[in-house]
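A.B. asks: What follows is a predicted protein model with its sequence.
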Amino acid sequence: MPDPRTFEQVVPFKYYAEWIKTQDGGRRMEQEDIRERYEDYRREALQRLYTQFFSVHKDDDWFCERFEPERRKEYMQKLASQKAENLRSFVSDLDSGKLDKLTLTATTEQVMQHEVNRRDLSSSNRLGGDDDDDGSESYTLFIRTVPPSVSRAVLEGELTKQPGFKHLSLSEPRQDKQYHRFGWVRFENGTDMDKAVESLSNINIDQFQFHFSRHNNVSSGIIRLTPDVCSTEERIRLDLKLAREAVRSVDEHTDREVDEKRVPEEGAADEDDQDDGEVKGNIAATRRELDLLVEYLRRVHYYCYYCGHTADNLEDFMRRCAKQHLRRGLPGNRSPQPSGNWTRNLDNRNDVIIHPLQAERLYKEGGKSLELETDKELDNHIKQLDEGRYRCLLCTKLFKGDAFVRKHIRNKHPEAVPETLVHEISFFNNFVREAPHLMMPGMMMPGMMAAPYMMPGMMPGMFRGGRANNGRGASSGGNRQDPRAVRSYVDLDAPAEGETDFGF
Ligand SMILES: [Zn+2]
Ligand SMILES: [Zn+2]
């Protein structure tokens, strides 16, 4: 059996276990030891894959914007001020009673409408731009493709020359399309849009001819529906518990400006039952609070709880979800239709958002440990004279132990750890947090999928169960104990346009 370390992918636990039993002359190993060694192998393999990807993309504009620490800060600040504005509008609607009748349970008419829409949409491209059939004038243009070679700044520079230009939104880079993005260009109301399309028709940047068309608001669909199971009492209570965690987490991870504002909670939530988790109490009140929180996440954070997906702008959010994402009403006499892995995948997706990978867990998933990486730097400044005598080469002081001299250097000579190294690690780790979401099978670099040897049913470990070439991995990377280790590899992108829609 070939050594798993020679594969350009992460092999599943099963393969690794088989292989390791053939090593060391077939010495018997405890399951626990195998698992431990697999974890090490897996961490190293992931880090190697991520490092390769990182070095290929670290100069791309989309990559820097999201992950390079300085640019990311700037990007997040802009996003935070947009969210602050969203919050003001949400709170104003809440105060004026506009949300009093809000419910996420679909009516029978809405369910029927959904069926009709699905039939219509399945035969046409949901992104279509040219026919504006919702009647209202759209002051947004759609850009079918923004190549990774063109930076946001350069494109914006061209667009600001257009009369009435307000702002440019870009979608997430599309891993199945070599990281091209969609774009939406918003103009002031009343702008002559025909003229705008015409004058933009010959924009050519870096030898790339841009194509602009009128954006059709209807194109993203009006309703998505969750499976029946989301309407059960049990699930409503669980969803409220998770939605509260989600609100707390995304508020916290947004700029303080948003963080300091109040979070709408209508009495029902009290600290005590947040901590032991279980949500009790009147089901109507529970459902009401859930609906408000889900709406809050959508409108303020571009986060659809029922998709388990976030976006950075309204246009991209609408592309991924729909105007509304509702629960199917559940008639009292009917038990819910089976939903397969739907809820498990949803919970995994939301968990990735609610608990971003950090510190030790990040390291286990292929990230870099600041401590470990910078320790190597310190080595250059330590000289061991003999047992129990360590010299700091930066000031010649002597220490009794390795740990003491390291602590001394970190405290007294912080310049010993180069700023550039700290920066690089944080750049890399920012990427690793979202890496599984950006590196789907078939989208890795050339050669990565070309394994020298494939066992039947073997996928890159992290995407096992996925379908190799369509970019939609399913769950699981072997039966590890920590469910968290698995969670980041589920189908993070499922509810996007152009996918098979099972009606959820
Ligand atoms: Zn949704
Ligand atoms: Zn010193």
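C.D. replies: Structure received. Ligands and ions are numbered 1, 2, ... in the order given.
A.B. asks: near ligand 2, which residues of the stretch 251-400 of the chain show up?
C.D. replies: 392, 394, 395, 397 (CB under 5 Å from the ion). (C-beta placed from N, C-alpha, C; glycine too.)
A.B. asks: Produce a PyMOL select command limited to the buried residues of those residues.
C.D. replies: A single PyMOL command selects the buried members of these (16 or more other CB atoms under 10 Å):
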select buried, resi 392+394
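A.B. asks: which one of the residues of the stretch 251-400 of the chain next to ligand 2 sits closest to ligand 1?
C.D. replies: The closest of these to ligand 1 turns out to be residue 394 (CB to the ion; 55.2 Å).
A.B. asks: A helix includes the closest one, no?
C.D. replies: No - under DSSP: H, G, I helix; E, B strand; the rest coil, residue 394 sits outside any helix and is assigned coil.
A.B. asks: Next, give phi and psi for it.
C.D. replies: The phi and psi torsions at residue 394 (degrees, to the nearest 10) take the values phi -90, psi -20.
A.B. asks: Now do the contacts for it.
C.D. replies: Neighbour list for residue 394: 381, 409, 412, 413, 416 [criterion: CB atoms under 8 Å, 6 or more residues apart in numbering].
A.B. asks: Just give me the closest of those residues to residue 435.
C.D. replies: Closest approach between the contacts of residue 394 and residue 435, by CB to CB: residue 416, at 29.7 Å.
A.B. asks: Tell me the backbone dihedrals of that closest one, please.
C.D. replies: Phi and psi for residue 416, reported as degrees, to the nearest 10, are phi -70, psi -30.
A.B. asks: That one contacts residue 409, correct?
C.D. replies: Yes - if you go by CB atoms under 8 Å, residue 416 and residue 409 touch, sitting 5.3 Å apart.
A.B. asks: Now list whatever residues contact both of those two.
C.D. replies: Common neighbours of residue 416 and residue 409 (criterion: CB under 8 Å, 6+ apart): 378, 381, 394.
A.B. asks: For the residue in the stretch 101-250 of the chain positioned nearest to ligand 1, give its distance to residue 233.
C.D. replies: Using CB to the ion, the single residue of the stretch 101-250 of the chain nearest to ligand 1 is residue 224, 5.1 Å away. When distance is defined by CB to CB, to the nearest Å, residue 224 is 22 Å away from residue 233.
A.B. asks: Please say which of these two ends up with more neighbours.
C.D. replies: residue 224 (24 against 11; other CB atoms under 10 Å).
A.B. asks: Tell me what that one is bridged to.
C.D. replies: For residue 224, the beta-bridge partners under DSSP bridges are residue 325.
A.B. asks: Who are the contact partners of it?
C.D. replies: For residue 224, the contacting residues are 114, 306, 307, 321, 322, 324, 325, 326, 495, 504, by CB under 8 Å, 6+ apart.
A.B. asks: Listing request: residues of the stretch 351-500 of the chain with sub-threshold pLDDT.
C.D. replies: In the predicted model, the stretch 351-500 of the chain carries pLDDT under 70 at residues 440-500.
A.B. asks: Break down it into its strands, ranges please.
C.D. replies: Using DSSP state E, counting those that start in this stretch, the strands found in the stretch 351-500 of the chain span residues 382-386, 389-392, 398-399.
A.B. asks: re the thing from before, can you pick the most crowded of the contacts of residue 394?
C.D. replies: Most surrounded of the contacts of residue 394: other CB under 10 Å gives residue 409, at 24 neighbours.
A.B. asks: List just the nearest of the contacts of residue 394 to residue 360.
C.D. replies: Nearest to residue 360, judged by CB to CB, of the contacts of residue 394 is residue 409 at 23.1 Å.
A.B. asks: For residue 391, see how far away the closest one is.
C.D. replies: 11 Å.
A.B. asks: By proximity to ligand 2, which residue of the stretch 101-250 of the chain wins?
C.D. replies: Closest point on the stretch 101-250 of the chain to ligand 2, by CB to the ion, is residue 249, at 40.9 Å.
A.B. asks: Number of residues surrounding the nearest residue to residue 426 once chain neighbours are set aside?
C.D. replies: With CB to CB, 6 or more residues apart in numbering as the criterion, residue 426 has its nearest non-adjacent residue at 5.0 Å, and that residue is residue 69. Under the neighbour criterion other CB under 10 Å, residue 69 is assigned a count of 16.
A.B. asks: so residue 69 makes contact with residue 423?
C.D. replies: Yes - under the criterion of CB under 8 Å, residue 69 lies in contact with residue 423, with a separation of 6.1 Å.
A.B. asks: Can you classify the nearest residue to residue 4 once chain neighbours are set aside by secondary structure?
C.D. replies: Excluding the flanking residues, the one nearest residue 4 by CB to CB, 6+ apart is residue 11, at 4.4 Å. The local conformation at residue 11, judged by three-state DSSP, is coil.
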